[in-house]
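> need coordinates for the following:
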Amino acid sequence: MSRPRPATLADIEEAALALPEVVREPETGGRPAFSVRGKAFAFARGPRKDAYDPRTGEPYDDVLVFRCTAEDKEAMVGDPDSPWFTTPHWNGYDAVLLLERDLGRLTAEELREVVTDAWLQRAPRRLAKEWLARAGDHPSR
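Below you'll find the predicted structure:
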């Protein structure tokens, strides 16, 4: 039996662009943001003082943000072994953070599920419903 493949940045892009009406900004290169009808669901964030390395005090320069439900956020950041986290800035927002350097702690399939769930949170209801009907029920639903 083969081991699941660790997730990579390319997996985020592949999963996001496989979903309907997704736009990548910038179109090529750079740290991407993915949106559906103008609503971002997964993006790379620049350094900010609210997310920093507790050992050095330096702001993280590799933070990734994914939209999610409040329940998923609680479960994802509540697990002490999880790579997912949040900061006070994100209190009240249905989103989780992940350091790019921790992508390999997830499998490609786990990351694909998170990206799909993020899209489902931001896509218009009708578009999401149509996609789910075509794709079969999403595993996390």
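> kindly list the longest helix within the chain.
helix 108-122 (DSSP state H).
> for it, packing partners?
Using 3 or more Cβ pairs under 8 Å, 6 or more residues apart in numbering; DSSP states H and E as the contact test, the elements touching helix 108-122 are helix 9-17, strand 33-36, strand 39-45, strand 63-67, helix 125-135. Backbone N, C-alpha and C define where each C-beta goes, glycine included.
> now do 6 Å
With contacts taken as 3 or more Cβ pairs under 6 Å, 6 or more residues apart in numbering; DSSP states H and E, helix 108-122 sits against helix 9-17, strand 39-45, strand 63-67.
> what residues of it count as buried?
108, 111-122 (16 or more other Cβ atoms under 10 Å).
> related to what we said a few turns ago, can I get the helices and strands packed on helix 108-122 in CSV with mean neighbour count, mean pLDDT and distance to residue 127?
CSV is the format used below for the helices and strands packed on helix 108-122 (neighbours: other Cβ atoms under 10 Å; pLDDT from 0 to 100; distance: least, Cβ to Cβ, whole Å):
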stretch, mean neighbour count, mean pLDDT, distance to residue 127
helix 9-17, 18, 96, 14
strand 39-45, 19, 96, 11
strand 63-67, 22, 97, 15
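> residue 24 is nearest to which of those?
helix 9-17 (6.6 Å; Cβ to Cβ).
> now the angle from that closest one to helix 108-122?
Angle, helix 9-17 to helix 108-122, by axes from the mean of the first three to the mean of the last three Cα atoms, to 10 degrees: 40 degrees.
> using PDB, write down the CA coordinates of helix 9-17.
C-alpha atoms of helix 9-17 as PDB (Å, rounded to 0.1, in the frame of the first residue of the first chain):
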ATOM      1  CA  LEU A   9       1.500  24.700  -3.200                       C
ATOM      2  CA  ALA A  10       0.700  23.300  -6.700                       C
ATOM      3  CA  ASP A  11      -2.100  21.200  -5.100                       C
ATOM      4  CA  ILE A  12      -3.900  24.300  -3.900                       C
ATOM      5  CA  GLU A  13      -3.900  25.800  -7.400                       C
ATOM      6  CA  GLU A  14      -4.900  22.500  -9.000                       C
ATOM      7  CA  ALA A  15      -7.800  22.000  -6.600                       C
ATOM      8  CA  ALA A  16      -9.000  25.600  -6.800                       C
ATOM      9  CA  LEU A  17      -8.800  25.900 -10.600                       C
END
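> cheers, nothing more for now.
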